[in-house]
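Participant: Pasting the sequence and the predicted coordinates here, then a few questions.
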Amino acid sequence: MNYILFDGTVHKSLLPLTYTRPVAELRIGILTIREKWEKYLGFTTTTITEEYLEEKFPMVEMEHNIMINASFLPNKTLVELIKNLKENEAIFKNDEVIAFFTSDTQEEVNFDTYKQIEFDFEIIQIKNTCDLFTYNSIALKNDFELITEGRVSQPIPEGVQYLNKENIFIEEGAEVLLSTVLNASKGPIYIGKNTLVMEGSLIRGPFAMGEHSVLKMGTKVYGATTLGPKCKIGGEVNNSILFGYSSKGHEGYLGNSVIGEWCNLGADTNNSNLKNNYSEVRLWNYKTENFAKTGLQFCGLIMGDHSKCAINTMFNTGTVIGVSTNIYGSNFPRNFIPSFSWGGAAGFTVYHINKAKETANLVMQRKNEEFDTVEQRILEQVFELSKKYRNF
């Protein structure tokens, strides 16, 4: 069977993170949503997404296909139901379609003609950016079980203190150095291949770090926190996700936040995740083009790909930063910063696309990745799509 992941109705609500990727490429837990589905299904998948992303994330259609809404996270019960879908059958959760059978001869899909199967079990759906850190603990525990089942961890090195050893998994090539503390009593700790945990790091699970990531000396990590591949962190981090290739290499606090790829937080950058009056946090929503209630008391920073901030940057509670921004200066910048902005609390100008591409090329070269013409065209399109928000 051919499985295709589609964005569903949430792509715009998940901006700025989905400016540069389909919903399926969002990371939550240890794996991306696509990686989860592929492990459960035992098949590779392709994607239906925004037209300008199709060159990087193409869709492959065959005679028979099952379309899966990528905003839903898989579980064994759901996957079993999906694998048994027949022609003219669809699975729903309330009014939202989760998956449906289709063929290449169908001109359109009319669910009124389908047998509609209601999924009556609990399931996680990612509808908004803050859902990523909100559900990260559950997703991380599920991923840990999925990818470590039947496998044996590398031994915990001498000189490393730990609690709940059976909840700790260290992949081949990982270095965990002296005086590190691994406390997995509240959730699993996953240390990926060829990672480095420097001396004196303090880690409370649930926690995961992807391949080639680094924890600097004395880093303090509170769960549920996830690092994608080739990330580097220092200072204090709590309940946050760094998608990959991003750095918070120095002192400073990051909490209840989601950081995209190719981002850098300068030394002593801090974000607030709790308002002084303890009230509900409102967050910029691209779908409504306004600030919306989150239902959360703790909500920090959402940052799109390729964005940077200078040393001593301060972010207010519930700040949303677009793609390829460059933030500097004293005082708190505004709590919605459009893509391709350059400046800070004193004001912003446009970060022109040619300059942004030059920087992206240099940054990606440092981690031995290529800023190819496909990546360039995606950034160019995001520059145009986000133009209406740059009312400086």
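Facilitator: Arrived safely. Computed from a prediction, not measured in an experiment: that's the story for all the values here. Numbering: from 1, shown residues only.

Participant: which stretches of the stretch 101-250 of the chain have low pLDDT?
Facilitator: Scanning the stretch 101-250 of the chain for pLDDT under 70 picks out no residues.

Participant: where along the stretch 1-150 of the chain do the strands fall?
Facilitator: 2-6, 45-48, 64-69, 89-93, 96-103, 115-118 (DSSP state E, counting those that start in this stretch).

Participant: out of those strands, nearest to residue 281?
Facilitator: strand 96-103 (25.0 Å; C-beta to C-beta). In this view, the C-beta of every residue, glycine as well, is placed from N, C-alpha and C.

Participant: Return the list of helices and strands in contact with that closest one.
Facilitator: Judged by 3 or more C-beta pairs under 8 Å, 6 or more residues apart in numbering; DSSP states H and E, strand 96-103 is in contact with strand 64-69, helix 76-83, strand 89-93.

Participant: Just put the ones you listed in CSV and tack on mean pLDDT and mean neighbour count.
Facilitator: Shown next, in CSV, are the helices and strands packed on strand 96-103 (pLDDT from 0 to 100; neighbours: other C-beta atoms under 10 Å):
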stretch, mean pLDDT, mean neighbour count
strand 64-69, 96, 21
helix 76-83, 96, 16
strand 89-93, 96, 19
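
Participant: that older thread, among the strands of the stretch 1-150 of the chain, which is nearest residue 369?
Facilitator: Per C-beta to C-beta, nearest to residue 369 of the strands of the stretch 1-150 of the chain: strand 45-48, 20.4 Å.

Participant: neighbouring contacts of that closest one?
Facilitator: With C-beta atoms under 8 Å, 6 or more residues apart in numbering as the contact definition, strand 45-48 has outside contacts at 2-7, 22, 24, 34, 37-38, 53, 57-60, 67-68, 70.

Participant: give me that answer again for 7 Å
Facilitator: Applying C-beta atoms under 7 Å, 6 or more residues apart in numbering, the set of residues contacting strand 45-48 from outside is 3-7, 22, 24, 34, 37-38, 57-60.

Participant: That one pairs with which strands?
Facilitator: Its sheet considered, strand 45-48 pairs with strand 2-6 (parallel) by DSSP bridges.

Participant: Now find how far off-centre the helix or strand containing residue 162 is within its chain.
Facilitator: Take DSSP states H and E as the rule and residue 162 turns out to sit in strand 161-163. Between the mean C-alpha point of strand 161-163 and the mean C-alpha point of its chain there is a distance of 28 Å (C-alpha atoms, centre = their mean, to the nearest Å).

Participant: coming back round to it: same list (the contacts of strand 45-48) but as TSV, adding pLDDT.
Facilitator: As requested, the contacts of strand 45-48 are exported to TSV (pLDDT from 0 to 100):
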residue	pLDDT
3	97
4	98
5	98
6	97
7	97
22	98
24	98
34	98
37	98
38	98
57	97
58	95
59	94
60	94
